[in-house]
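> Sharing a sequence plus its predicted fold:
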Amino acid sequence: MELAIFILETLLSTLQSIGRIALILVPIIILIEIARHYRVIEKVTGRTKGILKFLTLPEEAAFPLLGGIFFGIVFGSALIIDYAREGYLKKRDLMLIGIFLSISHSIVEDTFVFAVFGASPLVMLGTRTILAVVITRIAASILDYFDPKAA
C-alpha cells in the first residue's frame, strides 16, 4: 500500500513539474518566433559581434546567451534547446554556451538580490562577466586544440 502511494505521489509530482516547465517553455518559444518574425534577433546579434568573435561563437549564439544572462538558466536553456533543434548551433557552440552560462546566468537578477544584502553590484557584475569570458575563451582554445575541425 505504501509503495502504491509513493508511486502515485511521484507520478503526480512529475506531472506537475512537466506542467511547470511547459508553462515556461511554451511562451518562450512563442516569444522566440515573434522575435524572429520582427527581426529582433538580428538587431541583438549585431551588437554582440565583438564578444562572440572573441569567444569564437557564431552570431546565432547571441540570443541564447543573452536570454540566459538576463532571464536565467531556464530561459537560456529553452533558447539553446530551440536553436540546437533548428540546427543553428554545433555541439562545440553548445558546450561553450553552457560553460559561459554556468558562470553568468541570471547575472542581472542575482546582482540585484545580492546588492540588497550589501554586495557590491559592480564587483559582482565585473567578476562574473570577466570569469565567464575568460573561462569560455580558454575552453574554446582547448576544444579547438583537440578538435581543429570543430572550430
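Yes, it's here.
> contacts and neighbour counts: CA atoms only from here.
Noted.
> Please enumerate the helices of this structure.
Ranges of helices in the chain, per DSSP state H, are 2-37, 40-46, 49-54, 62-71, 73-86, 91-104, 107-116, 121-146.
> Go through the first one and flag the buried ones.
Residues of helix 2-37 classed as buried: 25, 28, 32 (neighbour count, 16 or more other CA atoms under 10 Å).
> Give me the contacts around the helix or strand of the chain with the lowest mean pLDDT.
Using mean pLDDT, DSSP states H and E, helix 40-46 stands out as the lowest-scoring helix or strand of the chain, at a mean of 75. Residues from elsewhere that reach helix 40-46 (CA atoms under 8 Å, 6 or more residues apart in numbering): 35, 59-60, 62-63.
> Same question for stretch 22-32.
Counting by CA under 8 Å, 6+ apart, residues outside stretch 22-32 touching it are 75, 78-79, 82.
> Quick one: which of those residues has the lowest pLDDT value?
Least confident entry in those, by pLDDT: F75, with 74.
> I'd say that residue and G67 touch.
Yes. At 6.1 Å, F75 counts as touching G67 under the criterion of CA atoms under 8 Å.
> Now do the end-to-end distance for stretch 96-114.
Terminal residues of stretch 96-114 are spaced 26 Å apart (CA to CA, to the nearest Å).
> Now do the residue lying closest to A78 once chain neighbours are set aside, the pLDDT please.
Nearest in space to A78, with sequence neighbours left out and distances taken as CA to CA, 6 or more residues apart in numbering, is L25 at 6.2 Å. With respect to pLDDT, L25 scores 71.
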